[in-house]
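Visitor: With the input below, show me the fold.
(6 chains)
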There are 6 protein chains.
Amino acid sequence: MKKVVSFGETMMRLNPQGFLKLLQAHSLEVSFAGAESNVAVSLANFGCHAVFVTKLPEHDMGQICVNDLRRLGVDTSHILRGGERIGIDFLEKGASQRGSKVIYDRKHSAVAEALPEEYDWKEIFRDADWFHFTGITPALSDNCAKACLQACQTAKQMGLTVSCDLNFRKKLWSSSKAEEVMSPLMKYVDVCICNEEDAADVFGISAEGSDIEQGRLSHEGYRKVAERLTEKFGFKAVAITLRQSISASENVWSGMYYTDGEAYFSREYLIKIVDRVGGGDSFGAGLIYGTLEGFDPQHRLEFAVAASCLKQTIEFDYNLSTVSEVEDLVRGSGSGRIKR
Amino acid sequence: MKKVVSFGETMMRLNPQGFLKLLQAHSLEVSFAGAESNVAVSLANFGCHAVFVTKLPEHDMGQICVNDLRRLGVDTSHILRGGERIGIDFLEKGASQRGSKVIYDRKHSAVAEALPEEYDWKEIFRDADWFHFTGITPALSDNCAKACLQACQTAKQMGLTVSCDLNFRKKLWSSSKAEEVMSPLMKYVDVCICNEEDAADVFGISAEGSDIEQGRLSHEGYRKVAERLTEKFGFKAVAITLRQSISASENVWSGMYYTDGEAYFSREYLIKIVDRVGGGDSFGAGLIYGTLEGFDPQHRLEFAVAASCLKQTIEFDYNLSTVSEVEDLVRGSGSGRIKR
Amino acid sequence: MKKVVSFGETMMRLNPQGFLKLLQAHSLEVSFAGAESNVAVSLANFGCHAVFVTKLPEHDMGQICVNDLRRLGVDTSHILRGGERIGIDFLEKGASQRGSKVIYDRKHSAVAEALPEEYDWKEIFRDADWFHFTGITPALSDNCAKACLQACQTAKQMGLTVSCDLNFRKKLWSSSKAEEVMSPLMKYVDVCICNEEDAADVFGISAEGSDIEQGRLSHEGYRKVAERLTEKFGFKAVAITLRQSISASENVWSGMYYTDGEAYFSREYLIKIVDRVGGGDSFGAGLIYGTLEGFDPQHRLEFAVAASCLKQTIEFDYNLSTVSEVEDLVRGSGSGRIKR
Amino acid sequence: MKKVVSFGETMMRLNPQGFLKLLQAHSLEVSFAGAESNVAVSLANFGCHAVFVTKLPEHDMGQICVNDLRRLGVDTSHILRGGERIGIDFLEKGASQRGSKVIYDRKHSAVAEALPEEYDWKEIFRDADWFHFTGITPALSDNCAKACLQACQTAKQMGLTVSCDLNFRKKLWSSSKAEEVMSPLMKYVDVCICNEEDAADVFGISAEGSDIEQGRLSHEGYRKVAERLTEKFGFKAVAITLRQSISASENVWSGMYYTDGEAYFSREYLIKIVDRVGGGDSFGAGLIYGTLEGFDPQHRLEFAVAASCLKQTIEFDYNLSTVSEVEDLVRGSGSGRIKR
Amino acid sequence: MKKVVSFGETMMRLNPQGFLKLLQAHSLEVSFAGAESNVAVSLANFGCHAVFVTKLPEHDMGQICVNDLRRLGVDTSHILRGGERIGIDFLEKGASQRGSKVIYDRKHSAVAEALPEEYDWKEIFRDADWFHFTGITPALSDNCAKACLQACQTAKQMGLTVSCDLNFRKKLWSSSKAEEVMSPLMKYVDVCICNEEDAADVFGISAEGSDIEQGRLSHEGYRKVAERLTEKFGFKAVAITLRQSISASENVWSGMYYTDGEAYFSREYLIKIVDRVGGGDSFGAGLIYGTLEGFDPQHRLEFAVAASCLKQTIEFDYNLSTVSEVEDLVRGSGSGRIKR
Amino acid sequence: MKKVVSFGETMMRLNPQGFLKLLQAHSLEVSFAGAESNVAVSLANFGCHAVFVTKLPEHDMGQICVNDLRRLGVDTSHILRGGERIGIDFLEKGASQRGSKVIYDRKHSAVAEALPEEYDWKEIFRDADWFHFTGITPALSDNCAKACLQACQTAKQMGLTVSCDLNFRKKLWSSSKAEEVMSPLMKYVDVCICNEEDAADVFGISAEGSDIEQGRLSHEGYRKVAERLTEKFGFKAVAITLRQSISASENVWSGMYYTDGEAYFSREYLIKIVDRVGGGDSFGAGLIYGTLEGFDPQHRLEFAVAASCLKQTIEFDYNLSTVSEVEDLVRGSGSGRIKR
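Guide: Next up, the predicted model:
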């Protein structure tokens, strides 16, 4: 069983039911969410040994988060306990022309305040195959950025493959700060994952001929982005998710995978969105799984795109799809017939 | 008032709220569902005297099922009481590329274990006009298959019209077993109802030129299916529902009705699915009603298709539409404007 | 801060969850709804001083209605208290081909039975800029019609701008009665708001070349309707919402604004409907706001149309959108991307 | 099977969840409630042929009420359909020192406005054994009072036993009006049921030595009340429920039954209240059942008191207890052990 | 109308439904809670002009808090907007031997970080009669302590009566820090409110002869506590709530009021607890109201105790009782009978 | 960390909300329950390595059960997967005089049909300290009885302590069958746990002087029961829970522990029941924990009784209390005060 370690923050996600606005909330649904824990959950569902590293307070609100990860088969034995807060993410699901809305209340979280020396990366990475983090982790605090760097260094020394999802969050840091912190981390990264905007936001590398707001994406443009990223940082592979937002309710979803100078483009899915949050994370998990399993590049990509398509038909951040469900979609029509 | 008898199993349907997966369920909504009871409920809503025959345990879980049928005006006076279980049907509603999922826990149900001699068909059919069953009933058990045969024989003797919806369920039996059991029943059947796959699954008669997965249906192919079924079993009429699954969220829905050597095709509806389960049953109920009311063949079909279109905009298995609501759709545009 | 007064009935809206039919209701969601109170709430969200005038019983069911208006910043200090009932509006949300359904239980409400002399319009209108009512208010009772007339007269004397949304409700009165009562009120009205059917229903003025059931709307036809309304009643402006109902789940939404002999047409929005009730009211509020703010005619219209587009993506009758959210849609693509 | 007819109003009962106040309601639970329909439901649960007579509107809110009665086995074939409203009863459940609260919105209901000549009592009473009404029915309107009188007269002529629960409701009429209307009805009544306050409120006959507010009830006093009622109206039996309210959460419950000059007192139950509404009605139903079954007077009373004790441990107005559950309590300790 | 100003923090209270533990939460009910805002809400319900002063973030989670206070009639015009967080209070309701549990996540809240100079006390206190705060406010931060002191000084200068509820919170500060900060504030305080433990925790003044854990409270002991507090700080009045916890489900509740050298003791209520949080705050509000209305000391106390008894039968922190409901309990038996 | 293995069935527990009857259910809450899994969960909460052995189907309804055990820290690595059903347990919570009700639908479950040879007890018991089962396991099927015997034999061979909770279930087998199957198992058992009725039901050994229905329990009688059990089977210890059911809402709860010829009796708790199911199991878990930790006999018993008292204040079958919460109750008053 392949062992994959991911490191970052997991937050309590609180959202009103259905399409209610936060202003209309009388109760909030509780789930847990975070770019790196989302990846861990998805990999556990794919049958990997998924280790998630973070720090959570000892009180009940930290404990239910641990419980929820355990429920889904994630290895929580390396989660540090202590600190005061678990970050909170108030989410309002959009519909049609009304976009989704996120209010982060994540400052001062246990993981943001954890010291780099609290993590024993050698122990954590024992027998591991892969290390994954995203641009959110170093954005949380200087402590986290330092811990991330140490994790990358140790991972490389111990021979793990390292992947990073750029995941730029404007509410956490500026583009210039992101570039400054992320650039030195990139040399440890083998597989770079990003969406259609991240490369531009973090490294100023943008796809010509695309207008994201208008939903036009240019294949040629994205190939160029991957080429330039590869030139700059020496990645072994670059994977980009391509989202055309028709509205908050309907997106066209596909991906590009670039490796060894070749760009692969996936099939496109018109998704009637149930919950789009976590779409990119489930793409990352699919790509890691496909790579670890030695799928050929096109299959690797199709698996990742189908996995993340399914995620967006599932409530909350986690992708609960199994390998066989993803493969069914890769091979099938996506017509959603009942099996009975 | 026309009296229609239907015979089969009714299960407790348990589904999580909205689009949640079964794996995410903390509570399950309780409703009742079964191909033949669905038909009975729809006919009761159309103003018929609808008798539903089954066996249900005496305990509370059997009683709420009886209560629910009574609530909707179904005559439950011929439901046998006893046995140990009511079958259960765990349902997960799909969305977009994620198909719906059914987990049956229906073995050992009271009706599956009821002996054929427990049913007094002469008494049940007194003054009745029509007897309806589906391919699910004989698939439940040998007891049920035998009871079905006796019901068909008595119905024919007493001059009732008999209809059967082929309703092939791969999870209950194989195609070869289905053909073996269903074939002898067919000679008592006047009206055969099926969907675009059943005739192929049960009798090996398929529509050329159609690719159901891809959503292409051939008019000419289905006419041929009806002709061959009629040749083989001497049906007075064959009705076929035609579902093109764009995704779990959107289907194109229509039907064909074949009688006296003539094939009629209905208008097509693009349905934004609320709950697709029970679609075929409500088509059957519409067709029975239209036939009993003496509608001309095209109207009979349009009524059945409109009824089953409306069903798929209604939660749970039952079609709660009234005759006037169905006729409004037959005559109108389906634009869903508010009346106020 | 601009002060806008609106006058009418606000009802308790009771609807089952999601797409359940009223016949399936085990619980009903409580909200409050009324053409004129919807306008007041929307204007309060836009930052206006919005006064809503009505009469509500003193008991708890009247009080929670007052509380709900206060919650959203509406000035409730001129709401009369007394009488026996708050009107009730049972609402069933439609989907796809199944239209929404409203059952009014609003007779004998406190406001319908309030005497005209209970309202002190001079006091209410002190320092106000605008008075708004709709065709529903005079339809409630003769008392209300009389109170409406007195309000119009006082408003005009005190120099307020007066707007009226024709809002014809077939369940409240006939076309002929509507014309008889509404015509004398029109001379006090500066801005006439209506939808694609109202002018025909109330004043027999219809748009040639349009077939609303079929969803075809003719620009030229609506311009003519506005011209003829203006000729007949001397309005300073006429605004018409144009709804093409593809189904209960999807509508195309736009508007026309006619002033000084010129007709302006807005951008069209394809809306995946969350809750269409209150769409027209939010258009009216947007138009009033845009006029008070001195937007140019095209902007006035685009603001109103975008506001009412957003409303239809929000549950319940009230438009909770802010000015900046509306302006974002006016300027943006409506692609519903998350900001994070 | 004994046939019992009851006549009155059934309302839609709307209450917030649990112990929430009406002022805190965001949703309301829907059930149906009415003194005489409560009796009908309880008798149907006891296995009687229970006919409930009322008038309900044809729209969905009338229909779900009919459906709900059918669900529980009540014969609804004599319910008139038409009129505009179903009465509504907003209920707030009290706790501890906070009493429950009822807001009636029942004026202008279909049954209150039904004309006496709409009821065909001869047909309704065919083969019936018993007629039951309560003091609420004649209090609804003059029409209802007249219909009640005609029902009583016809019932007597046709040899039915007639019972009346005095059920005084201060919110519906005054004591003097009640006495004026109720007195002439009493001569048709065989069995008079009331609680510890009704006889005083309607006929000015009170139990000395009791202080209801303080929870002190005098056996001797209630025997006197029964004697005086019997002297005045010639009842064959008088049954009185005795409630000592310790708080809204705890009551001591018992009853007295007086017949042939003898007074019987029941065992006392200390009830942890789940829902006290409908307690008196379930007592009435128990008494009717016990009398029809020919139980001896003490058993008749114990059955009625145990039935109504169980009712108060069940949510909503209806007593869903079966004969065997009631008899178990009559014979057992009420210690509430699980059977498994 | 009397104007009362209170100052402090209001938090978002999140609790699972019913008696679920936080560890079992899948959704959390949203309400708002804070010692001083609870007082403001209760006073608004009593008909006072209740001004609540705090600071809340501009985002939606701050706005719904403002909305909720507006809903209940509190004057929110002096609430500062800005900062990052609204404090959160995760609450688990206990039952029987299992006590309630609170997890505070209130650090870094907008109000804790607001600077003293942001408040314009002169403007806020214009025409006000009373200023109220509790020991929680100065415990939040040094900023808050300073703002509290300035408020007290200004209030005294402007002739307001000042009350303080000691409200010691061990999770916020130590006893020694509390004494150090609270002592200088006491000289501005006219009315001191506390519970049976606060005086000991803050000022080391304890009631001899009482054992709170065991539920034994000594009248003489509490009189002494009041005397010593009065001697030390010169209060005009001291009010103490006396809670005997039989279990988390049942408490005996009463109060003592000490003024002019005389101690008054109230009636005792055995409360079946619905929600005990906010009990002390509603006592404070009752006492302030009774004092402003000029009730005699015993009535003042009985009003406050009855008000806070009712509060504990109501879900969430706020006391929604009206003056007449409180007076009914003061005069009545608390037997919780229905009025109908 | 001590390793404890338990073996048995875990069912899906479905209950309506609050105090609703099953007949009133529109939705059912999903949890998991089983005597031996309840023990495992409680031990995991106490910090033990708790292994639960059973068989569950591979489909989603089996998986969510596994997930739920993982969530709470139970080691599920020895759960067999396969078979068709997970047993279901429909539960209706009683109140006051109305007892709780259980409808089992557990026949044909995966564990009941698992063959004895599917379990590898040597592997399962590696490094384990304790094996626990209850009388329910051998009652499920002959397969289960045989597996139980093999488990006991292997456990003894490998030096584990073995405990058995007699847990007689009349719905699963007769007393005579129970005695026949259980007697041979007893010789492997070190610690025998039972309630006040089990010893009589299974081995015909009853406590004189007690009347369980009436709630009278005799200390002397239970000491005799323990003595006789010990004489007959050579147990090292016997523990008996003593429940006096005042009503379904209130129980007095205590226990007796008998070892080395000495009987220890615990403190008594008057419990306001939240959910009594699982009370005995949590007692067993407490006793196992206390024994493994080497508590003295009185402490062992007090810990077990306090643990099971807390369980009954918690919803669903599982005891979620921690060691420190239990010890707090052992040492404290159970007055349920809030810590804040």
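Visitor: How far does the helix or strand containing A:Glu325 sit from its chain's centre?
Guide: Secondary structure from DSSP states H and E places A:Glu325 in helix A:323-331. Remark: helix A:323-331 is offset 20 Å from the chain centroid, using Cα atoms, centre = their mean, to the nearest Å.
Visitor: what's the average pLDDT for that helix?
Guide: Confidence over helix A:323-331, taken as the mean pLDDT, stands at 97.
Visitor: Now do that helix: everything it contacts.
Guide: Residues from elsewhere that reach helix A:323-331 (Cβ atoms under 8 Å, 6 or more residues apart in numbering or on different chains): A:46-47, A:286, A:289, A:299, A:302-303, A:306-307, A:309-310, B:97-98. For every residue, glycine as well, the C-beta is placed using N, CA and C.
Visitor: Spatially nearest residue to the residue in chain A that chain D sits nearest to, not counting backbone neighbours?
Guide: The nearest approach of chain A to chain D comes at A:His26, 4.9 Å away (Cβ to the nearest Cβ). In space, and not counting its chain neighbours, A:His26 is closest to D:His26: 4.9 Å by Cβ to Cβ, 6 or more residues apart in numbering or on different chains.
Visitor: which residues touch that neighbour?
Guide: Counted by Cβ under 8 Å, 6+ apart, D:His26 has contacts A:26, C:29-30, D:16.
Visitor: Which member of these is positioned nearest chain F?
Guide: For those, the nearest to chain F is D:Pro16 (13.1 Å; Cβ to the nearest Cβ).
Visitor: Just to check, that closest one is in contact with D:Val30?
Guide: No - using Cβ atoms under 8 Å, D:Pro16 and D:Val30 do not qualify as a contacting pair, with a distance of 11.8 Å.
Visitor: and the gap between A:Leu20 and D:Asp296?
Guide: 59 Å (Cβ to Cβ, to the nearest Å).
Visitor: Sorry, wrong one. I was asking about A:Met256.
Guide: Going from A:Met256 to D:Asp296 by Cβ to Cβ gives 88 Å.
Visitor: ok, the two, which is more surrounded?
Guide: Set A:Met256 next to D:Asp296 and count neighbours by other Cβ atoms under 10 Å in any protein chain shown: A:Met256 wins out with 23 against 10.
Visitor: What pLDDT does the model give the most centrally placed residue in chain A?
Guide: Against the mean C-alpha coordinate of chain A, by Cα atoms, centre = their mean, the closest residue is A:Asp281 at 2.6 Å. At A:Asp281, the pLDDT value in this model is 98.
Visitor: Tell me the secondary structure of it, please.
Guide: Taking DSSP: H, G, I helix; E, B strand; the rest coil as the rule, one finds A:Asp281 in the helix state.
Visitor: quick one, what contacts it?
Guide: Contacts for A:Asp281 (Cβ under 8 Å, 6+ apart) come out as A:35-36, A:38-39, A:42, A:134, A:165, A:311, A:317, A:319.
Visitor: change it to 6 Å
Guide: Contacts for A:Asp281 (Cβ atoms under 6 Å, 6 or more residues apart in numbering or on different chains) come out as A:35, A:38-39.
Visitor: For it, which non-adjacent residue is spatially closest?
Guide: A:Asp281's closest residue in space is A:Asn38 (Cβ to Cβ, 6+ apart), at 3.6 Å.
Visitor: Just list what the helix or strand hosting that neighbour packs against, helices and strands only.
Guide: For A:Asn38, the host element (DSSP H and E) is helix A:35-45. In terms of contacts (3 or more Cβ pairs under 6 Å, 6 or more residues apart in numbering or on different chains; DSSP states H and E), helix A:35-45 is packed against strand A:3-7, strand A:49-53, strand A:130-134, helix A:279-292.
Visitor: Those into TSV, with extra columns for distance to C:Ile193?
Guide: Output for these, formatted as TSV (distance: least, Cβ to Cβ, whole Å):
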stretch	distance to C:Ile193
strand A:3-7	55
strand A:49-53	56
strand A:130-134	50
helix A:279-292	41
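Visitor: and the residue of chain A found nearest chain B, helix, strand or coil?
Guide: Ranked by Cβ to the nearest Cβ, the top residue of chain A for proximity to chain B is A:Gly336, at 2.7 Å. Assigned state for A:Gly336: coil (three-state reduction, three-state DSSP).
Visitor: can you tell me how far it sits from B:Ser96?
Guide: Distance, A:Gly336 to B:Ser96, by Cβ to Cβ: 7 Å.
Visitor: now do A:Ala306
Guide: 12 Å.
Visitor: Please apply the same query to A:Gly334.
Guide: From A:Gly334 over to B:Ser96 the distance is 8 Å, taken as Cβ to Cβ.
Visitor: cool, A:Ala200 as well?
Guide: Per Cβ to Cβ, A:Ala200 is found 29 Å from B:Ser96.
Visitor: More neighbours: these two, which one.
Guide: Neighbour count, other Cβ under 10 Å: between A:Ala200 and B:Ser96, B:Ser96 has more, with 25 against 17.
Visitor: The more buried one reaches A:Ile271, doesn't it?
Guide: Yes - between B:Ser96 and A:Ile271 a contact is recorded at 5.3 Å, counting by Cβ atoms under 6 Å.
Visitor: and chain A, which of its residues are near chain F?
Guide: Where proximity means Cβ under 6 Å from any Cβ of the partner chain, the interface of chain A facing chain F comprises A:67, A:70-71.
Visitor: can you list those residues in CSV and add pLDDT?
Guide: Output for the residues of chain A next to chain F, formatted as CSV (pLDDT from 0 to 100):
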residue, pLDDT
A:Asn67, 98
A:Arg70, 98
A:Arg71, 98
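Visitor: Among those, which ones are in helices?
Guide: Counted as lying in helices by DSSP state H, out of the residues of chain A next to chain F, are A:67, A:70-71.
Visitor: Give the closest residue to the residue in chain A positioned nearest to chain F in space, chain neighbours not counted.
Guide: Proximity of chain A to chain F (Cβ to the nearest Cβ) peaks at A:Arg71, 3.6 Å away. Among residues not flanking A:Arg71 along the chain, F:Arg71 sits closest, at 3.6 Å (Cβ to Cβ, 6+ apart).
Visitor: give me the number of residues near that neighbour?
Guide: Neighbours of F:Arg71 under the rule other Cβ under 10 Å: 19.
Visitor: Please report how far it lies from A:Val66.
Guide: Here the criterion is Cβ to Cβ. By it, F:Arg71 lies 9 Å from A:Val66.
Visitor: A:Lys93 too?
Guide: 26 Å.
Visitor: out of these two, which sits in the more crowded spot?
Guide: A:Lys93 (25 against 21).
Visitor: ok, now which ones touch that one?
Guide: A:19, A:100.
Visitor: now do A:Val4
Guide: So A:Val4 contacts A:43, A:48, A:50, A:130 (Cβ under 6 Å, 6+ apart).
Visitor: what about the residue of the stretch 51-200 of chain A found nearest chain E, neighbour count?
Guide: Using Cβ to the nearest Cβ, the single residue of the stretch 51-200 of chain A nearest to chain E is A:Asp60, 4.3 Å away. Neighbours of A:Asp60 under the rule other Cβ under 10 Å: 19.
Visitor: Apart from its neighbours in sequence, what residue is nearest it?
Guide: E:Leu22 (4.3 Å).
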